[in-house]
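Q: Give me coordinates for this.
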Amino acid sequence: MTTNTWLHIGLGSFHRAHQAWYLHRLIAQGDTRWHIAAGNIRNDAEHVVAALTAQKGRYVLETVSPEGERAYEEITSIQKLLPWQADLQPLIAEGAKPETRVIAFTVTEGGYYLNTSHGLEVANADLACDLKGGNKTIYGVITRILEQRMANGAGPLTLLNCDNVRHNGERFHDGLEEFLQLTGKQSVIEWLAANATCPNTMVDRITPRPAADLPARIKAQTGIDDKAPVMGETFIQWVVEDNFRDVRPDLEAIGVEMVESVIPYEEAKIRILNASHSCIAWAGTLMGMKFIHESTLTDAIYAVADRYVTEDVIPSLGDNGIDLPTYRDVVLKRFTNPYIEDTNQRVAADGFSKIPAMMTPTMIECYQRGAVPHATAMLPALFFVFMEQWHKGQLPYEYQDGILDADAVHAMFNAEDPVALYASDKALFGELAQREDFTALLREKIQAVYSLIR
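A: Numbering: from 1, shown residues only. So this is what the prediction gives:
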């Protein structure tokens, strides 16, 4: 039987709780035509890769419902681990093999280096490095892979973005094409057009960092001594545009929703789930809480998230075929799961990417239909106060953000009018950065945040 490789770049907990779980279900049903090879661009998770290598790629996934029902499953779909090295040659060589038919990736929202106009942030240090021939970003790595495929005569493939980026396949494709244009690689652009597709996807499963007691719990429940377990909520969803370039796994057989357009699903998920999640994390942190569930169960914070979705998002999305009020309630219920112990620190990350991608579009649409986005403006207001605490060194944890310009943020808060500088940031707010009424609205909401967290 022919075996095909699904190469995954970004071997984090989310991939292992989500895409790898789906591919495992295919194998468990007896379809062994596909397996996953996986590795990382960054050298920050090699302890996990080493542990998985020792376990021959196997690990246990614990899932838990809001009611505390736990289930355990050993995942077997990752059958090749690619160790990190500076030139990423193991990853590139695997991607260049003819049997690699799908290359998927989870590199976080910030890993695409896109501005509010969806163009590349070419001034970013990692991206600038890759434009000179490096391989610190997904664009540099995929370019190397495509060049190797061309040299090897390898066949067509699908490039599958599995991150929370609106129109993620299209955004990645356009970013890659711009990268190739900037590096003068016209032959690769032509090969890409003829031999690859970049479907849009929507992925969903809350996946916290594994709890310290997870290995002991798994040992007690399964007898397996696992050095690299993962945990997630029971809920899972994967919606994929049916636009693969070549052969693909029988994804329908394992519950993946193959659709003509992902847009209604991704808009609902990005605006309702992802934006609310970050809102709750920033607010919970400012109010002295550690976990998402305790933050969500705080009435004042719940009200901010609920009002944001109800007053601004649902009118913006309109009748898109999804029962949005029910989806809102399901999402907020998921956030109250105390057994996940998802931290505010994890969810609060990457705010400088999340605001333009997840929140600014709703505010722009509110203004377009003649409404003032009072509810949505609370979210960037929360982030302003959150970063003010970071500036003062008063956050209870290290804030992680792939595109954080620390000097610029400190300079903003040291300026005479930090709010004016914040509101005029086109990278965050696009066309709203020109509006005096938007600046006034942010001032009002930042004061409301101060009142909220007192």
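
Q: Residue ranges in the stretch 51-200 of the chain under the pLDDT threshold?
A: Applying pLDDT under 70 to the stretch 51-200 of the chain flags no residue at all.

Q: just the helices in it please.
A: 89-95, 125-131, 138-152, 168-182, 186-195 (DSSP state H, counting those that start in this stretch).

Q: Show me which positions of the helix or strand hosting Leu421 end up buried.
A: Counting by DSSP states H and E, the element that carries Leu421 is helix 418-423. Buried residues in helix 418-423, counted by 16 or more other Cβ atoms under 10 Å: Pro418, Val419, Tyr422, Ala423. Yep, even glycine has a C-beta here, placed from its N, CA and C like the rest.

Q: For the first one, give its distance to Phe172.
A: Counting by Cβ to Cβ, to the nearest Å, the separation of Pro418 from Phe172 is 34 Å.

Q: Of the buried residues of helix 418-423, which is the nearest to Ile218?
A: Taking Cβ to Cβ as the measure, Ile218 lies nearest Tyr422 of the buried residues of helix 418-423, at 44.6 Å.

Q: those strands in the chain, which residues are they?
A: 4-9, 34-39, 59-64, 70-75, 78-81, 100-105, 157-161, 196-197, 201-204, 230-233, 237-241, 257-259 (DSSP state E).

Q: Which of the ones you listed sits closest to Pro90?
A: Ranking those by proximity to Pro90 (Cβ to Cβ) places strand 34-39 first, at 6.3 Å.

Q: just the angle between that closest one and helix 138-152, please?
A: Between strand 34-39 and helix 138-152, the angle comes out at 120 degrees (axes from the mean of the first three to the mean of the last three Cα atoms, to 10 degrees).

Q: Send over strand 34-39 as CSV, restricted to the C-alpha atoms.
A: In CSV, the C-alpha atoms belonging to strand 34-39 read as follows (Å, rounded to 0.1, in the frame of the first residue of the first chain):
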residue,chain,number,x,y,z
TRP,A,34,-1.2,8.5,5.7
HIS,A,35,1.1,9.3,8.5
ILE,A,36,2.5,12.6,10.0
ALA,A,37,6.1,13.7,10.0
ALA,A,38,6.6,16.8,12.2
GLY,A,39,9.2,19.3,13.2
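
Q: Which other helices and strands does that strand contact?
A: strand 4-9, helix 19-28, strand 78-81, helix 89-95 (3 or more Cβ pairs under 8 Å, 6 or more residues apart in numbering; DSSP states H and E).

Q: From the chain's centroid, how far away is the last one?
A: Centroid displacement of helix 89-95 relative to its chain, using Cα atoms, centre = their mean, to the nearest Å, is 23 Å.

Q: Mind giving me the packing neighbours of that helix?
A: Contacts defined by 3+ Cβ pairs under 8 Å, 6+ apart place helix 89-95 against strand 4-9, strand 34-39, helix 138-152.

Q: Residues touching that helix, excluding its own?
A: 5, 7, 9, 37, 39-41, 80, 82-84, 100, 103, 135, 141-142, 144-145, 148-149 (Cβ atoms under 8 Å, 6 or more residues apart in numbering).

Q: What residue spans form the domains of this protein?
A: Domains of the chain are assigned by automatic domain parsing as 4-259, 263-453.

Q: would JSON lines of the strands of the chain with distance to Pro361 and mean neighbour count be doable?
A: Putting the strands of the chain into JSON lines (distance: least, Cβ to Cβ, whole Å; neighbours: other Cβ atoms under 10 Å) gives the following:
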{"stretch": "strand 4-9", "distance to Pro361": "27", "mean neighbour count": "23"}
{"stretch": "strand 34-39", "distance to Pro361": "32", "mean neighbour count": "24"}
{"stretch": "strand 59-64", "distance to Pro361": "32", "mean neighbour count": "22"}
{"stretch": "strand 70-75", "distance to Pro361": "35", "mean neighbour count": "16"}
{"stretch": "strand 78-81", "distance to Pro361": "35", "mean neighbour count": "20"}
{"stretch": "strand 100-105", "distance to Pro361": "23", "mean neighbour count": "22"}
{"stretch": "strand 157-161", "distance to Pro361": "18", "mean neighbour count": "24"}
{"stretch": "strand 196-197", "distance to Pro361": "25", "mean neighbour count": "18"}
{"stretch": "strand 201-204", "distance to Pro361": "16", "mean neighbour count": "22"}
{"stretch": "strand 230-233", "distance to Pro361": "26", "mean neighbour count": "24"}
{"stretch": "strand 237-241", "distance to Pro361": "19", "mean neighbour count": "20"}
{"stretch": "strand 257-259", "distance to Pro361": "21", "mean neighbour count": "15"}
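
Q: nearest to Met289, of those?
A: With Cβ to Cβ as the criterion, Met289 lies closest to strand 230-233 of the strands of the chain, at 19.0 Å.

Q: so what strands line up beside that closest one?
A: Its sheet considered, strand 230-233 pairs with strand 59-64 (parallel) by DSSP bridges.

Q: and the gap between Glu190 and Phe244?
A: 20 Å.

Q: Settle it for me: which of the two has more neighbours?
A: Neighbours were counted for Glu190 and for Phe244 using other Cβ atoms under 10 Å; Phe244 has more, 19 against 12.

Q: ok, and the closest non-adjacent residue to that one?
A: Thr158 (4.6 Å; Cβ to Cβ, 6 or more residues apart in numbering).

Q: Since that was my last question, I'll sign off now.
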